[in-house]
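Student: Sequence and predicted structure below; questions after.
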Amino acid sequence: MRIAIPVNEKDLKSGVCPSFGRAPYYLIYETNDKTSIFLDNIAAQSAGGAGIKAAQLLLDNEVKVIIAPRYGENAAKVLVDANVIVYRNIDGSAEDNIKAYENKKLDILADIHPGHHNHGK
Amino acid sequence: MANKKIAILSGKGGTGKTLVSVNLAAAEGNSYYVDCDVEEPNGHLFFKPKIIKKKDIFVKIPNIDNSLCSGCRECVEFCKFNALAYGRQVIVFEEVCHSCGGCMLVCPTKAISEKDKKIGVIEEGVSDEVKTISGIMNTGEVSGVPIIKELLNIIKDVEGLVFIDCPPGSACVVMESVKDADYCILVAEPTVFGAHNLAMVHRLVSLFGKKCGVVLNKCETGFNPSEDFCIKNNIEILARVPFDNDLGSLNSEGKIAVRENYKNKDLFYSLLSTVKEAVK
Amino acid sequence: MKQLLIISGKGGTGKTTIAGAFIKLLQAKAYADCDVDAPNLHLISNHTVTEERKDYFGLPKAHIDINLCIECGLCEESCGFNAVHHGQRYYIDSYACEGCGVCKYVCPTGAISLREQRAGELMLYRNNAVFSTAQLEMGNGTSGMLVSEVKKQMKESAADDVGVAIIDGSPGIGCPVIASLSGVDLALIVAEPSISGINDMQRIIETARQFGTKLAVCVNKYDTNLKNTQTIEEFCKDSEIIFVGKIPYDKKAVTAINDGKSIVDIDCPAGIAVKKVFDNTIKIIGKL
């Protein structure tokens, strides 16, 4: 099963990025074989609807769980529709958060902020 | 009198566009006042018009018929604005949609049709002899361009002088407001900010090949950077409105100077003559 | 880093003047001008370093290759923005073009492509503080995206110990203002005590509330209409918005600005009043 975390660098020791939609990369961790890959976030370059595109990107990569500090209502609409679960991250690296997830220490992220319409007109 | 459109713009906000456009329309009497600053329209606060007509303004957004949708996601891939996503079905993000109709075009199963979304309203009214037309955008909407387009459509061929109160800045909403103007009045204040933005908006009207002149507002003694700019660039100065507490007070109370006991109201009548001469 | 955004609804209320004062009082290590349409903060920021410039490309716009065009007119027919015209040949009005790609899709000969278009410029000044600003090419849309770039540039270049960053916003309630509200800890609304000013203040408050931003209000040039100033104070109390103070109209302020200085660089009533507004505002941020 795949978990995604928005990160600042392509490194398991990277901190979690405060933005969901415009994070530079996503860590995609496969729980079955404990492998990791890093996706470039193509949504970050969007004029608008970055959260929407980012959510779509993760869905298309078969992500079922996301660990993030916050996300917007647009991304939420997409993720809820696809039954993806979002947890709030803890302080620490992406690696720390994976461990916390595996030890069932994470809370569901309920704090969805209104969209910010960062777009092109 | 023939249809003549006079756009009043400034670059910088708060220089006196509404002051000038409202007073010019009131001075002319039988004329049109069009408020294209649809994000923050103010003219109606001065005219307090009797509203005779209201028109809702809509844009088109996609409507998905899930029973026809095959899940091919062509629409999601096509949309340049990320207004569509696919979870277990197509999701539409209305506020991000640019109403281009592309998704409807590319859908192979004709599952996408158009529906209307209201973004604002146009109110037509009268205040003495002046006919007022104001566009008001709903808060939360991102662009008033469709409303401005309709405002300009309404006054396209009307008889008489049309005074177009433009938004501040120089972005697409300003360009849209100025596009069909026969003459542009640039209103400037005597600060470096004002002069800087005057230069910018002068470039804009020059780009459109529009005839223009400047009204220097809030003038006092001493160096006026905006006046200096006009002189150095050979731009006609149409009027110098002095900084005046009485005018400021009237304005802040939402009163139209030429309709009140304002001592300097001749200034606006003079300006009106100058402008009428310029658009002949 | 906490972000303080200064907006107004109505233009000309004094955002940049007040932002300039705040930057001086705070000795701000990071600040930005998000009025990318009509930026003014650089005129009083007194940077001695040369700025780093970067082209800003907005949405790609359509372009017709006349060698492939067979003048069928399908593009003009299907454009929702009146951006396709034909005189001697078919061409795109790049001011009207929104880059939707419909014309490219309908073109039977593949004559239309979407090309990156320079829509403005980002500027970054760096010495012991970072100042991020930009100028949008006139007539453009995509100002929201450029605003986001200005903020991103500031955040990326700022030192780790910035504390509070000051962002000078733009007038209005549309796209660039909405983009500047994103991620901001507090938005200070500079209101003007006129009928227009009150009306516009209410609309910007309504807009900012839709995005859940924490708000504070101050009144500039308050003594030009004491009655309206009181109306604003009462409105804030009724709406549970923190009123952080009022600044008098001050001719010396204009002189300072015209000399490229902030109002706290000279001895003037506005400068004294803005210091109180500043103290009240910073106190709110400190509690966030």
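Tutor: Good, I have the coordinates. Numbers count the residues shown, from 1 in each chain, chains lettered A, B, ... in the order given.

Student: Could you pull out the helices in chain B for me?
Tutor: Remark: helices assigned in chain B by DSSP state H are B:17-28, B:43-47, B:74-78, B:102-106, B:145-154, B:172-178, B:192-207, B:225-232, B:245-252, B:266-279.

Student: how about a markdown table for those helices, with mean neighbour count and mean pLDDT added?
Tutor: Every residue, glycine included, has its C-beta placed from N, CA and C. As requested, the helices of chain B are exported to a markdown table (neighbours: other CB atoms under 10 Å in any protein chain shown; pLDDT from 0 to 100):
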| stretch | mean neighbour count | mean pLDDT |
| --- | --- | --- |
| helix B:17-28 | 27 | 97 |
| helix B:43-47 | 24 | 96 |
| helix B:74-78 | 18 | 96 |
| helix B:102-106 | 21 | 97 |
| helix B:145-154 | 21 | 94 |
| helix B:172-178 | 26 | 88 |
| helix B:192-207 | 21 | 91 |
| helix B:225-232 | 17 | 96 |
| helix B:245-252 | 17 | 92 |
| helix B:266-279 | 17 | 96 |
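
Student: of all the ones you listed, which lies closest to residue B:215?
Tutor: Of all those, helix B:17-28 sits nearest to residue B:215, with 5.7 Å by CB to CB.

Student: which residues sit against that closest one?
Tutor: Applying CB atoms under 8 Å, 6 or more residues apart in numbering or on different chains, the contact partners of helix B:17-28 are B:6, B:8-10, B:31-33, B:37, B:42-43, B:46-47, B:127-128, B:130, B:160-161, B:163-166, B:168, B:185, B:187, B:215, B:217, B:241, B:247, B:251, B:256-259, B:265, B:268-269, B:271-272, B:275, C:196.

Student: so what's residue 73 scoring on pLDDT?
Tutor: Chain wasn't specified; assuming chain A. Looking at residue A:73, its pLDDT reads 81.

Student: The chain in question should be chain C.
Tutor: Note on residue C:73: pLDDT of 94.

Student: just checking, it touches residue C:86?
Tutor: Yes. Under the criterion of CB atoms under 8 Å, residue C:73 makes contact with residue C:86 at 7.2 Å.

Student: Please identify the buried residues of the longest strand along chain C?
Tutor: As assigned by DSSP state E, the longest strand anywhere in chain C is strand C:118-126. For strand C:118-126, a neighbour-count test (16 or more other CB atoms under 10 Å in any protein chain shown) marks C:119-125 as buried.

Student: Who are the packing partners of it?
Tutor: If you count contacts as 3 or more CB pairs under 8 Å, 6 or more residues apart in numbering or on different chains; DSSP states H and E, strand C:118-126 packs onto strand C:52-57, strand C:130-136, helix C:143-157.

Student: and the most centrally placed residue in chain B, backbone torsions?
Tutor: Geometric centre of chain B, nearest residue: residue B:36, 2.4 Å, by CA atoms, centre = their mean. Main-chain torsions, residue B:36, degrees, to the nearest 10: phi -90, psi 0.

Student: which ones are touching it?
Tutor: B:135, B:148, B:151-152, B:164-167, B:173, B:176-177.

Student: Could you do residue C:168 as well?
Tutor: Residue C:168 makes contacts with C:6, C:15-16, C:19, C:31-35, C:40-41, as judged by CB under 8 Å, 6+ apart.

Student: Swap in 6 Å and give it another go.
Tutor: By CB atoms under 6 Å, 6 or more residues apart in numbering or on different chains, the contact list for residue C:168 reads C:6, C:15-16, C:19, C:33, C:41.

Student: rewinding a little: determine which of the helices and strands packed on strand C:118-126 shows the lowest mean per-residue pLDDT.
Tutor: Lowest mean pLDDT within the helices and strands packed on strand C:118-126: helix C:143-157, a mean of 88.

Student: ok and the following helix or strand past that one relative to helix C:143-157, angle-wise?
Tutor: Once the chain leaves helix C:143-157, the next helix or strand it forms, by DSSP states H and E, is strand C:164-168. Strand C:164-168 runs at 150 degrees relative to helix C:143-157, counting by axes from the mean of the first three to the mean of the last three CA atoms, to 10 degrees.

Student: Check the offset of stretch C:98-112 from the chain's centre.
Tutor: Mean-position distance between stretch C:98-112 and its chain equals 33 Å (CA atoms, centre = their mean, to the nearest Å).

Student: same deal with stretch B:102-111?
Tutor: Its chain's C-alpha centre lies 35 Å from the corresponding centre of stretch B:102-111 when counted by CA atoms, centre = their mean.

Student: Could you confirm whether it reaches chain C?
Tutor: Yes. Judged by CB under 6 Å from any CB of the partner chain, stretch B:102-111 comes into contact with chain C at residue B:102.

Student: low-scoring stretches of the stretch 51-200 of chain C, by residue?
Tutor: C:142 (pLDDT under 70).

Student: can you list the helices and strands packed on strand C:118-126 in TSV and add mean neighbour count and distance to chain B?
Tutor: As requested, the helices and strands packed on strand C:118-126 are exported to TSV (neighbours: other CB atoms under 10 Å in any protein chain shown; distance: least, CB to the nearest CB, whole Å):
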stretch	mean neighbour count	distance to chain B
strand C:52-57	14	14
strand C:130-136	25	6
helix C:143-157	23	5
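
Student: Chain A is nearest to which of those?
Tutor: Across the helices and strands packed on strand C:118-126, chain A has its closest neighbour in helix C:143-157 (4.2 Å, CB to the nearest CB).

Student: Give me the helices and strands touching the closest one, please.
Tutor: The elements that helix C:143-157 packs onto, with contact taken as 3 or more CB pairs under 6 Å, 6 or more residues apart in numbering or on different chains; DSSP states H and E, are strand C:30-33, strand C:118-126, strand C:130-136, helix C:175-181.

Student: quick one, which of those is nearest to residue B:65?
Tutor: helix C:175-181 (30.6 Å).

Student: What's the end-to-end length of stretch A:84-100?
Tutor: 18 Å (CA to CA, to the nearest Å).

Student: quick one: contacts of it?
Tutor: Here stretch A:84-100 makes contact (CB under 6 Å, 6+ apart) with A:5, A:7, A:12-14, A:16, A:27, A:29, A:65-67, A:69, A:106-109.

Student: and what of stretch C:241-248?
Tutor: So stretch C:241-248 is in contact with C:215-220, C:222-223, C:233, C:236, C:269-270, C:273-274, C:276-277, C:280-281, going by CB under 6 Å, 6+ apart.

Student: Residue B:130 contacts residue B:34, doesn't it?
Tutor: No. Using CB atoms under 6 Å, residue B:130 makes no contact with residue B:34, being 10.8 Å away.

Student: more crowded one of these two?
Tutor: residue B:34 (28 against 23; other CB atoms under 10 Å in any protein chain shown).

Student: Let me know the pLDDT of that one.
Tutor: For residue B:34, pLDDT reads 98.

Student: Next one: it relative to residue B:164, how far apart?
Tutor: Distance of residue B:34 to residue B:164, computed by CB to CB, to the nearest Å: 5 Å.

Student: Would you map the helices across chain A?
Tutor: Along chain A, counting by DSSP H, helices occupy A:50-60, A:73-81, A:94-102.

Student: Break chain C down into its domains, please.
Tutor: Here the domain assignment for chain C is C:2-57+C:119-287, C:61-115, based on automatic domain parsing.

Student: of all these, which gets the most neighbours per residue?
Tutor: Among the domains of chain C, judged by mean count of other CB atoms under 10 Å in any protein chain shown, the one packed with the most neighbours on average is domain C:2-57+C:119-287 (a mean of 21).
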